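S.K.: would you be able to build a 3D model of this:
(one chain, ligands or ions: 1)
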Amino acid sequence: MTSAELPTAANPGPFGHQQRKNFLFPENYTQFNHGSFGTFPKVVQDDMRAWHDRVEKNPDLWMRRDLYTALDDIKTQLSEFVNCDMEELALVTNTTVGINTVLRSLRFDPGDRILVLSTGYVSVNQTVRYICDTHTDVKVIEVPITFPISDKDMLTRVEDALKQHKELKDGSKIKLGIVDWISSVPSVVHPVKELVDLLHSYGALVYVDGAHSIGQVPVDLSYLRPDFYITNCHKWLFSVRGSALLYVAKRHQHLIHPTSITGEYSQGFAREFGWAGTQDYSSLMSILSALTFRKQYGEDAIISYTHSLALEGGKAMAKILGTQTLTPDDHHVGNMVNVALPIKDLNHPKANTKALMEILMDKYNVFTPAFRHGDKFYTRVSAQIYLEVQDFVRLGNIWKEVVDELNASA
Ligand SMILES: Cc1ncc(COP(=O)(O)O)c(C=O)c1O
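M.R.: Numbering: from 1, shown residues only. Alright, predicted model coming up:
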């Protein structure tokens, strides 16, 4: 398929509403929030159930032998997908576990600093706080970011923080920087390669929180060259919840151990991460059928459609609401678009995530997260292969009704 032939919002090809039959949504429900918890096609669920059946026919055979062959198969396929050595990969249940695994394995000495962006995911930045609270003189350097911001300005902000720290000459060092590839709320695609290179040039290790990356943007780890990288397969790759991919560059593997130590301790990275104790591994197995489902269309086709739909759908909603999308540059949008909500009184008692969620769910049977960023309210809408622009138009009209009612009751 040439790039001119790739599916777009205007020419959906195999995507759009015809995809609904491949998913589990009831007829009266449209899913606009794939970004938070993902969802998976029916064939992936069927396949996961088949793994269950297979395991229960002979649990010992599975737990003692076949599990390891299956995990290797998944890692091999994923290593081709993200372009790295399969030995650099481990499968974990989610990004939170992946972040904790690395942060709680690394040794932090007095004087070590950890650089994060203020827009980093709350659980990640709280894990950093925990590390600081439980170590002597380990501190966080938080770079304040408010979107929209150009790539150049973001890099300047981070470099200013690195320079300021260097000028302190107090014997401390920035040991680790953690950067999002695609932030959560607001959702913004970051200049991740430039951030990795910049942090490396100041001698810091870099952990890329790519929770939203696999399946949403092309991932090439041999090009990116982070020290650590984590991505959820259960978000954009279409596997079942509880499946994530952790990358640890070979040179650091001796330092990193699972959050729960098992009998495989000190047997090497692959063995330590291959056995997480007795548990249901079927969500990890579902990665295989998720990859097969995607292959029938191709990554380029999926990414082209969902990205184009996020752009077009976001514009359609902003037009209905008389506002703008948060990021004017298309390359800051992946599959999730942030649309400004024209709420006049930001201190209105219902201008908060929880109250707005209840109105949307109870009255309209839809949901998109709403949040305040800077001096505006936004909602984050996720494009996916089962949606079309007309869905965004319907959602835009719903949000207009919600906001109009709120403004009238101010
Ligand atoms: C940027 C980012 N990091 C980390 C996470 C945590 O992912 P999980 O809840 O799957 O552990 C999320 C979840 O949405 C996220 O958006």
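
S.K.: and Pro12, how far from Gly242?
M.R.: Remark: distance between Pro12 and Gly242 (Cβ to Cβ, to the nearest Å) = 30 Å. Just so you know, the C-beta spots here come from the backbone N, C-alpha and C atoms, and that holds for glycine as well.

S.K.: quick one: buried residues of whichever strand or helix holds Glu56?
M.R.: Per DSSP states H and E: Glu56 is located in helix 42-57. Across helix 42-57, burial judged by 16 or more other Cβ atoms under 10 Å covers Val43, Val44, Gln45, Asp47, Met48, Trp51, Val55.

S.K.: tell me the secondary structure of the residue nearest to Ile214 when sequence neighbours are not counted, please.
M.R.: In this structure, Ile214 finds its nearest non-sequential neighbour in Thr231, 4.2 Å apart by Cβ to Cβ, 6 or more residues apart in numbering. Put simply, Thr231 is strand when judged by DSSP: H, G, I helix; E, B strand; the rest coil.

S.K.: likewise Lys400?
M.R.: helix.

S.K.: since we're on it, how many residues are nearby?
M.R.: Lys400 is flanked by 16 other residues according to other Cβ atoms under 10 Å.

S.K.: list the contacts of it.
M.R.: Going by Cβ atoms under 8 Å, 6 or more residues apart in numbering, Lys400 touches Ile320, Leu321.

S.K.: returning to that earlier point: which among the buried residues of helix 42-57 gets closest to Ile174?
M.R.: Distance to Ile174 across these (Cβ to Cβ) is lowest for Val44, with 40.8 Å.

S.K.: relative to Val188, how far out is the residue in the stretch 251-400 of the chain that the ligand sits nearest to?
M.R.: When scored by Cβ to the nearest ligand atom, the stretch 251-400 of the chain has Met336 as its residue closest to the ligand, at 9.6 Å. Using Cβ to Cβ, we find Met336 at a distance of 9 Å from Val188.

S.K.: now do Glu167
M.R.: From Glu167 to Val188 the distance is 29 Å (Cβ to Cβ).

S.K.: which of those two has more neighbours?
M.R.: More crowded of Glu167 and Val188, by other Cβ under 10 Å: Val188, with 24 against 8.

S.K.: do I have it right that that one meets Thr327?
M.R.: Yes - under the criterion of Cβ atoms under 8 Å, Val188 makes contact with Thr327 at 5.8 Å.

S.K.: looks to me like Asn11 is in a helix.
M.R.: No - under the criterion used here (three-state DSSP), Asn11 is coil, not part of a helix.

S.K.: quick one: contacts for the closest residue to Lys376 other than its chain neighbours?
M.R.: Using Cβ to Cβ, 6+ apart and skipping the chain neighbours, the partner closest in space to Lys376 is Ala340 (5.2 Å). Ala340 sits next to Ala318, Leu321, Thr323, Gln324, Thr325, Leu326, Lys376, Phe377, Tyr378 when contact means Cβ under 8 Å, 6+ apart.

S.K.: could you dump the helix or strand hosting Ala340 to PDB, C-alpha only?
M.R.: Secondary structure from DSSP H and E places Ala340 in strand 336-341. Output of strand 336-341 as PDB, limited to C-alpha atoms (Å, rounded to 0.1, in the frame of the first residue of the first chain):
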ATOM      1  CA  MET A 336      -5.700  11.000  21.400                       C
ATOM      2  CA  VAL A 337      -6.800  14.600  20.900                       C
ATOM      3  CA  ASN A 338      -7.500  17.200  23.600                       C
ATOM      4  CA  VAL A 339     -10.400  19.400  22.800                       C
ATOM      5  CA  ALA A 340     -10.900  22.600  24.900                       C
ATOM      6  CA  LEU A 341     -14.300  22.800  26.700                       C
END
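
S.K.: tell me the average confidence for that strand?
M.R.: Mean per-residue pLDDT for strand 336-341: 98.
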